[in-house]
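> This is the structure alone, sequence omitted:
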């Protein structure tokens, strides 16, 4: 039976996503300290932007009963984003610990996904990626806080590289199947 356009599109997107993840992962591995601080600064900008949007919303809906809480939430976002932008080392310490927890959870989800995709060729790579994510999460938490300035960039780079390889292999298997 011929593959439909949707399946071909999915395999193409998986392969493109795989290549993109691999490229970003390699850049992060080569420049771990810069990557760590770049992630913190980007996250700070995003949180700062969300704080501004939250404050704008609060003033646009100031007759709303939740005005003060919406304004307070916006101010909390501004402070958190400001800390990440203007005191990135403190932000990196916090983000590194959160990253370790995130990778543990993401690894468990990847393993569950691999079980749901058992019929796919190369789905074992997704399980491997899940176990790798869990291992990296444990390493991050164990190295915290002393290795925080480089560990986030390096380990996220490794995670992206292997995630990219996984997506590329899944896309190639789906395209062939």
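Looks like it came in fine. Here the structure is a predicted model, which is why all the values come from computation and not from measurement.
> Helices of this structure, start to end?
Remark: helices assigned in the chain by DSSP state H are 5-30, 32-60, 67-86, 88-116, 124-143, 148-176.
> now, of the ones you listed, which is deepest in the fold?
Mean neighbour count (mean count of other Cβ atoms under 10 Å) peaks for helix 148-176 among the helices of the chain, with a mean of 21. C-beta here means a position set from N, CA and C on the backbone, and glycine is covered the same way.
> and residue 92, what is it in contact with?
Neighbouring residues of residue 92 by Cβ atoms under 8 Å, 6 or more residues apart in numbering: 36-37, 40, 148-149, 152.
> can we see that at 10 Å?
With contact set as Cβ atoms under 10 Å, 6 or more residues apart in numbering, residue 92 has these partners: 33, 36-37, 39-41, 43, 84, 99, 145, 148-153.
> Rank those by pLDDT and give me only the lowest.
Least confident of the contacts of residue 92 in the model: residue 152, at 78.
> Find the residue closest to it in space, skipping its chain neighbours.
residue 36 (4.4 Å; Cβ to Cβ, 6 or more residues apart in numbering).
> I'd like the distance between that neighbour and residue 174.
34 Å (Cβ to Cβ, to the nearest Å).
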